[in-house]
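Trainee: Provided below for reference: sequence and predicted model.
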Amino acid sequence: MNIRVFPDQYGAAIYAAATIETTVKTSTSPVLGLATGGTMTPVYRQLVEFHRRGLNFSHVTTINLDEYVGLKPSHPNSYHAFMQENLFDHIDVNPDRIYLPSGDNPDLEGVCAAYDDVIRSNPIDLQLLGIGVNGHIGFNEPANSLKSNTHIVQLTEDTIRENARFFEDEQSVPTRAITVGLQSILLAKHILLLAFGEKKAQAIRDTIKGDISTTVPSSFLQVHPNVTIVLDEAAAQLL
Ligand code: F6R
């Protein structure tokens, strides 16, 4: 694992955005695996800035990690809305090349199978990841066993509590999500995991130095040959 520590999240976000820029510029049809959440907002802000200065996204395919079950894409707290607001509305990505799982489709099993087909047909060059305080990546939550493919997951109390900050209250946070599986994440050619703030410090320590265990899903990144972990000093304090 390549570990990069920056004094603050802004330096880290610039580094992450520059890594994405290199992938976008050097591949003829780059595929980016994208994440949502507070960690990603400074990264997407920087990418939008790069676009204003001329970075072209028209040849890029994007595949997001996850979506809440039960939220329509138009719901302000859906990950569809997050991506539009923070990135897609501001860059020239082709809407036909944007993939996010639909959480409001009654045939969720069908959505999962179709999403795995999308990932198989568009191998991911660079996968962006945030991390939960409990070590989740995507919404692969700590459990006795982990799933390899796209699936429906029951969110843990930790995750619901953490994500309540984006909703009116904890009761409004959906309890289920659709997420790509661990295998889909590990098949990406390069993985870029970002974590900011002391709340993430224990999860980062467990990811890098702990045993590989289904109770810390991010620990499986230890088996991937090309992972870059981008941290601010607060998230790196237990290393
Ligand atoms: C979101 C996702 C999650 C988040 C994680 C961290 O698409 O896959 O794993 O990356 O929950 O969220 P923040 O960045 O809000 O702390």
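Mentor: Ah, there it is.
Trainee: let's see whichever helix in the chain runs longest as CSV, backbone CA atoms only.
Mentor: When the chain is parsed with DSSP state H, its longest helix is helix 9-26. Extracted in CSV, the C-alpha atoms of helix 9-26 (Å, rounded to 0.1, in the frame of the first residue of the first chain):
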residue,chain,number,x,y,z
GLN,A,9,-7.8,17.5,3.6
TYR,A,10,-7.4,20.2,0.9
GLY,A,11,-3.9,19.1,0.0
ALA,A,12,-5.1,15.5,0.1
ALA,A,13,-8.0,16.4,-2.2
ILE,A,14,-5.7,18.1,-4.7
TYR,A,15,-3.5,15.0,-4.8
ALA,A,16,-6.5,12.8,-5.3
ALA,A,17,-8.0,15.0,-8.1
ALA,A,18,-4.6,15.1,-9.8
THR,A,19,-4.4,11.3,-9.7
ILE,A,20,-7.9,11.2,-11.4
GLU,A,21,-6.8,13.8,-13.9
THR,A,22,-3.8,11.6,-14.9
THR,A,23,-6.1,8.6,-15.5
VAL,A,24,-8.6,10.8,-17.5
LYS,A,25,-5.7,12.2,-19.6
THR,A,26,-3.8,9.0,-20.3
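Trainee: quick check, it touching the ligand?
Mentor: No. Helix 9-26 stays clear of the ligand (CB under 6 Å from any ligand atom), getting no nearer than 10.4 Å. (C-beta placed from N, C-alpha, C; glycine too.)
Trainee: what about the helices in the chain?
Mentor: So, for the chain - with DSSP H - the helices run 9-26, 41-52, 79-86, 108-121, 157-163, 182-186, 201-209.
Trainee: give me the contact list for the second one.
Mentor: Residues outside helix 41-52 that contact it (CB atoms under 8 Å, 6 or more residues apart in numbering) are 9-10, 12-14, 16-17, 20-21, 55, 57, 86-87, 90-92, 128, 194.
Trainee: just the buried residues of these.
Mentor: For the contacts of helix 41-52, a burial check counting by 16 or more other CB atoms under 10 Å picks out 9, 12-14, 16-17, 20, 55, 57, 86-87, 90-91, 128, 194.
Trainee: just to revisit the earlier point, where among the helices of the chain is the average confidence lowest?
Mentor: Note on those: helix 157-163 shows the lowest mean pLDDT, a mean of 91.
Trainee: okay, buried residues for that helix please.
Mentor: Of all the residues in helix 157-163, those buried under the rule 16+ other CB under 10 Å are 159, 160, 162, 163.
Trainee: repeat that for stretch 110-130.
Mentor: Across stretch 110-130, burial judged by 16+ other CB under 10 Å covers 111-112, 115-116, 118-119, 122, 124-130.
Trainee: go on, stretch 36-54?
Mentor: 36-37, 39-44, 46-48, 50-51.
Trainee: so what's the residue lying closest to residue 219 once chain neighbours are set aside up against?
Mentor: Closest residue to residue 219 apart from its sequence neighbours, by CB to CB, 6 or more residues apart in numbering: residue 212 at 4.7 Å. If you count contacts by CB under 8 Å, 6+ apart, residue 212 has them with 219, 220, 222, 223.
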